[in-house]
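> below are the sequence and a predicted model for it; my questions follow.
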Amino acid sequence: MPLARFYIDADLAPEQETPLSPEVAHHAVRVLRLREGAAITVFNGRGGEFSGHLRIEGARAWAIPEHFDPIERESPLAVTLVQAWVATDKLEWIVEKAVELGVAALVLVPTVRSVVQLDEPRRSRRLWRLQEIIVAACCQCGRNRIPGIRAVASLQQGLELALADGSRGVLLDPHSDEPAANALASVDRLALLVGPEGGLDERERMLAANLGFRPIRLGPRILRTETAGLAGLAAIQVLAGDLR
């Protein structure tokens, strides 16, 4: 049975007792019902992980790292998912599963047809919740690096941000003549754009094209937004990532 994994945003060192946050301690002690001395795995998102054990005192808990393992579980293909804002339940599902599929970063963008339109305070609150989901997904799936997530004020800003590291931009389009494999040849960084429930409008598609996003074809069917990005990520990981 896999050991319970906990993320600690702090420097970790062998035999250096490190407190768990109240929320994480509650999960360990009250939900997982771990006991004093329980074997655990801890990581800080900077690469590698420690095996260790817990010290518990009432509702408080401390991790005591012991042995460091430099293991990495990241894909050799760094994919940034540029996702249009969608309904909360769908977005939380997309973010969680994208992390499990190895996404390197996420950029959330507003679009004309987005059913969700958020001002800055609401974007910040939503982003905080999504960051929690990312950490939980990393704990579950074994990743030792935390994907970044950004929420921007415009589609153009999001597209430019996703391309800033030299990524090649692609857009899923069932009407495209270009197979996904063609666009993935000799690439190690990719930005994948996924529109909202109603799809991108023509001006948004033209904007993406002008910035260098190439339409690619995964298949003949039109996928829902909560399916498209995850199907695209899975296919991309098979073609050029860590599922080859």
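Happy to help now that I have it. Numbers count the residues shown, from 1 in each chain.

> from here on, contacts and neighbour counts on C-alpha atoms
Fine.

> residues of the lengthiest helix in the chain that come out buried?
Longest among the helix segments of the chain by residue count, using DSSP state H, is helix 120-141. Buried residues in helix 120-141, counted by 16 or more other CA atoms under 10 Å: 123, 127, 130, 131, 133, 134, 135, 136, 137, 138, 139.

> contacting residues for the last one?
Contact partners of residue 139, counting by CA atoms under 8 Å, 6 or more residues apart in numbering, are 5, 6, 7.

> how far away is it from residue 115?
Remark: distance between residue 139 and residue 115 (CA to CA, to the nearest Å) = 31 Å.

> please apply the same query to the first one.
Residue 123 sits at a distance of 14 Å from residue 115 (criterion: CA to CA).

> on the three-state scheme, residue 61 is what?
Following DSSP: H, G, I helix; E, B strand; the rest coil, the label given to residue 61 is strand.

> surely it and residue 25 touch.
Yes: counting by CA atoms under 8 Å, residue 61 does reach residue 25; the two are 5.4 Å apart.

> for the least confident helix or strand in the chain by mean pLDDT, buried residues please.
The weakest-scoring helix or strand in the chain, judged by mean pLDDT, DSSP states H and E, is helix 180-183 (a mean of 83). By 16+ other CA under 10 Å, the buried positions in helix 180-183 come out as 180, 183.

> put the alpha carbons of that helix into CSV.
Only the C-alpha atoms of helix 180-183 are listed here, as CSV (Å, rounded to 0.1, in the frame of the first residue of the first chain):
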residue,chain,number,x,y,z
ALA,A,180,-1.5,16.0,-33.9
ALA,A,181,1.7,14.0,-34.5
ASN,A,182,2.9,16.5,-37.1
ALA,A,183,2.8,19.5,-34.8
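
> pull the distance from it to the chain's centre.
In terms of CA atoms, centre = their mean, to the nearest Å, the centre of helix 180-183 is set 22 Å apart from its chain centre.

> name the helices or strands packed onto the next helix or strand after it?
Going down the chain from helix 180-183, the next helix or strand is strand 189-194, by DSSP states H and E. Where contact means 3 or more CA pairs under 8 Å, 6 or more residues apart in numbering; DSSP states H and E, strand 189-194 is packed against strand 78-84, strand 168-172, helix 225-240.
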